[in-house]
Each structure stands twice: as structure tokens, then as C-alpha cells.
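Chemist: Sharing a model prediction with you, sequence too.
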Amino acid sequence: MPPRQTNQRAAVREAIEAADRPLTPQEILDLAQADLPGLGIATVYRAVKVGAEEGWLTPVELPNGPTRYEPAGKKHHHHFECTECNAVFEIDGCPTPPSKLRPMVPEGCELTGHEVILYGRCADCR
């Protein structure tokens with residue numbers, strides 16, 4: 001039986017879908033509390049877990065910091081992380097096509113994917 005849709009899960013989903021970047025659970029909570037002030041962080045964690053299991057949400061794992069979440073089904077893209085506030089933003093498209101990466105792959109290995117992460121200061125932190 002699938003999890004039932006609650007006001008809390010709806011608020012979490014709306015916050016994620018309205019954002020233009022991957023969000024941490026705390027950022028999701030901060031945005032969703034505008035519509036649902038009583039929402040708690042444990043509920044956000046449960047909602048993102050269910051969202052990932054249902055396939056509408058994709059976890060974004062970066063080397064520094066917590067897992068972030070964004071809607072699933074987006075075309076291949078990469079990320080920019082602010083080194084001051086740790087906000088993460090999407091980079092449209094791919095600056096490094098797989099054809100340019102294949103020569104870098106060790107002999108006998110197969111390239112199955114890649115991730116490019118840019119670091120710097122976001123517009124708010126500049």
C-alpha cells in the first residue's frame with residue numbers, strides 16, 4: 001500500500017518543486033514552513049525518503065555537506081556550490097561531453113557517468 005498523501009508531504013513537495021535548485025532537508029523545512037508552520041524536520045526526512053522511493057525525487061550527493069534533493073526526471077546537468085553559504089545551484093547542460101572524457105579513462109575501464117562540481121561564491125555572498 002503506497003503512503004498516503006498528507007498536507008505535510010504536499011508542503012514538502014511544493015517547496016522542492018518551487019525551488020530552482022537542490023535543497024537540503026533544512027532548506028526544505030524553512031520553505032515549507034511558510035505554508036505549514038507546524039512542520040518538523042523529522043517529517044521532512046520521512047517525506048524525502050518516500051519521495052525518493054516513489055521516484056519523483058532525486059538525491060544529490062556532493063562531497064561536502066548533507067544530501068540535497070531535486071525533482072527527478074531532469075536532463076543531465078551538474079552543480080555549483082557556494083563556498084560561503086553552501087547553497088547548491090544547477091548548471092544547465094554539460095560542459096564536458098563523454099567523448100572528451102573517454103581518453104582519460106584508464107585502459108580496460110568503461111565510462112558509465114561523470115559529475116562536474118563547480119565551487120565559488122553565489123550572487124548573495126559576493
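Modeler: Good, I have the coordinates.
Chemist: who's in contact with stretch 10-29?
Modeler: Surrounding stretch 10-29, the residues in contact under the criterion C-beta atoms under 8 Å, 6 or more residues apart in numbering are 31-32, 35-36, 39-41, 43-45, 47-48, 51, 56-57, 60, 65-71, 79, 87-90. C-beta coordinates here come from the backbone N, C-alpha and C atoms, glycine included.
Chemist: Run the chain-centre distance for the helix or strand residue 99 falls within.
Modeler: Assigned by DSSP states H and E, residue 99 falls within helix 98-101. Using C-alpha atoms, centre = their mean, to the nearest Å, the mean C-alpha position of helix 98-101 is found 24 Å from that of the whole chain.
Chemist: on contacts alone, who are the packing partners of the helix or strand following it?
Modeler: Secondary structure here is assigned by DSSP H and E; on that basis, the next helix or strand after helix 98-101 toward the C-terminus is strand 117-120. In this structure, strand 117-120 makes packing contacts with strand 78-82, judged by 3 or more C-beta pairs under 8 Å, 6 or more residues apart in numbering; DSSP states H and E.
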